[in-house]
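>>> Fold the following, please.
(one chain, ligands or ions: 1)
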Amino acid sequence: MAPVKRRVFQSKKQMAEELAKYTADLSSKFCKERGIFTVVLSGGDLISWLWKFLEAPYIDSVEWSKWHIFWVDERVCGWDDTDSNYKLAYDGFLSKVPIPAENIYAIDNGLGAQGNAELAAERYEECLKQKVNQNIIRTYKSSGFPQFDLQLLGMGPDGHMASLFPGHDQINEKVKWVTHITDSPKPPPKRITFTLPVINCASYNVMAVCDKEQADSAAAALTHTKDLPAGRLTADVEVVWFLDQAAASKLPHGWCSIL
Ligand SMILES: O=C1O[C@H](COP(=O)(O)O)[C@@H](O)[C@H](O)[C@H]1O
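All right, here's what the predicted structure looks like:
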């Protein structure tokens, strides 16, 4: 199992700066190795911490044309809906960097707008399988699960990750790549989400968590004192939790050096 590292920052600004450097270094690695960098985004606060990419040196140095963008979860709504993780990412990041539109793979807009969660999940899984067949997405050893290069994840105050929520059965799905939920405890109720096996097949997983509201769940997830979805996060190569001091404030003493 991959090592789980923790990096605690004095500010969100510093965390965003380091997140950009970490991601850009992996972009260089994968673009050199295979000419493709598959990046999985989440919603929530994460997008607000990608601003550093819009500045030098990254805006000019990153090989954006080689990036392929996916979502670890998505609300079942149209792309123009304020609940949409696609809209959040497009408005705050994707519209400001030169990633080719054909390299951005969002939920089926029509099915999202219709609110058909089950079919939207099936369609997204079909999209992933097509990208595996086209050798855009790698597969994880013999499992056949898709292996993404980097996933940029977030956690809710209840310890949910993607749209895998505590006490909900989707966390136990072992066969599907993408599943759906229609009773999310966090609005909106209808969502699609990568399953845990897919999330944990990623080569590199980043969990970015800020603010004191997250401190209890961050500590519980990292010390495994509660069985939370975020606590089950692993990866093939490395997991790194990026935390600000407030989110890390309940971790055992000495667990993290503040950077
Ligand atoms: O609803 C969601 O919540 C999680 C966590 O969001 P955050 O704002 O607490 O960071 C997010 O990662 C997920 O993509 C989103 O659908």
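
>>> With just CA atoms, put stretch 124-132 into CSV.
Extracted in CSV, the C-alpha atoms of stretch 124-132 (Å, rounded to 0.1, in the frame of the first residue of the first chain):
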residue,chain,number,x,y,z
TYR,A,124,-19.6,8.0,-17.7
GLU,A,125,-18.3,4.5,-17.1
GLU,A,126,-18.7,3.9,-20.9
CYS,A,127,-16.7,7.1,-21.5
LEU,A,128,-13.9,5.9,-19.2
LYS,A,129,-13.8,2.5,-20.9
GLN,A,130,-13.6,4.2,-24.3
LYS,A,131,-10.6,6.2,-23.1
VAL,A,132,-8.9,3.0,-21.8
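
>>> Need the residues that contact that stretch.
Taking contacts as Cβ atoms under 8 Å, 6 or more residues apart in numbering, the residues outside stretch 124-132 that touch it are 68, 70, 74, 105, 107-108, 137-139, 146, 176-178, 192. C-betas here are computed from N, CA, C, even on glycine.

>>> Which residues are in contact with whichever residue of the stretch 151-259 of the chain sits closest to the ligand?
Here the residue of the stretch 151-259 of the chain nearest the ligand is Gly154; by Cβ to the nearest ligand atom that distance is 3.1 Å. Taking Cβ under 8 Å, 6+ apart, we find Gly154 in contact with 42-46, 161, 207-209.

>>> Tell me how far it lies from Ala215.
Between Gly154 and Ala215 the distance is 15 Å, computed by Cβ to Cβ, to the nearest Å.

>>> Over to Leu26?
Taken as Cβ to Cβ, the spacing of Leu26 relative to Ala215 amounts to 28 Å.

>>> just Ser11 next, same as before
When Cβ to Cβ is applied, the distance between Ser11 and Ala215 equals 16 Å.

>>> Of the two, give the one with the bigger neighbour count.
Ranked by neighbour count (other Cβ atoms under 10 Å), Ser11 and Ala215 place Ala215 first, with 20 against 11.

>>> so what's that one closest to, chain neighbours aside?
With Cβ to Cβ, 6 or more residues apart in numbering as the criterion, Ala215 has its nearest non-adjacent residue at 4.2 Å, and that residue is Lys250.

>>> who in the stretch 1-150 of the chain is up against the ligand?
For the stretch 1-150 of the chain, the residues found near the ligand under the criterion Cβ under 6 Å from any ligand atom are 42-46, 73, 85.

>>> quick one: which of those residues has the most company?
The most crowded member of these is Asp73, carrying 29 neighbours; neighbours defined as other Cβ under 10 Å.

>>> How about the contacts made by the closest residue to the ligand within the chain?
The nearest approach of the chain to the ligand comes at Gly44, 2.3 Å away (Cβ to the nearest ligand atom). Neighbour list for Gly44: 154, 156 [criterion: Cβ under 8 Å, 6+ apart].

>>> Pull out the buried positions in the helix ranked longest in the chain.
If each helix of the chain is counted by residues according to DSSP state H, the longest one is helix 12-34. For helix 12-34, a neighbour-count test (16 or more other Cβ atoms under 10 Å) marks 12, 14-20, 22-24, 26-27, 30-31 as buried.

>>> Out of the residues you listed, which is nearest to Ala235?
Leu26 (11.9 Å; Cβ to Cβ).

>>> give the contact list for the closest one.
When the contact criterion is Cβ under 8 Å, 6+ apart, the partners of Leu26 are 37, 149-150, 204.

>>> how about these in TSV, adding neighbour count and secondary structure?
Formatted as TSV, the contacts of Leu26 follow (neighbours: other Cβ atoms under 10 Å; DSSP: H, G, I helix; E, B strand; the rest coil):
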residue	neighbour count	secondary structure
Phe37	26	strand
Asp149	24	coil
Leu150	24	strand
Tyr204	22	strand
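
>>> out of those residues, which one sits closest to Tyr58?
Closest to Tyr58, out of all of these and judged by Cβ to Cβ, is Phe37, at 13.1 Å.

>>> Tell me the pLDDT of that closest one.
As predicted, Phe37 sits at a pLDDT of 99.
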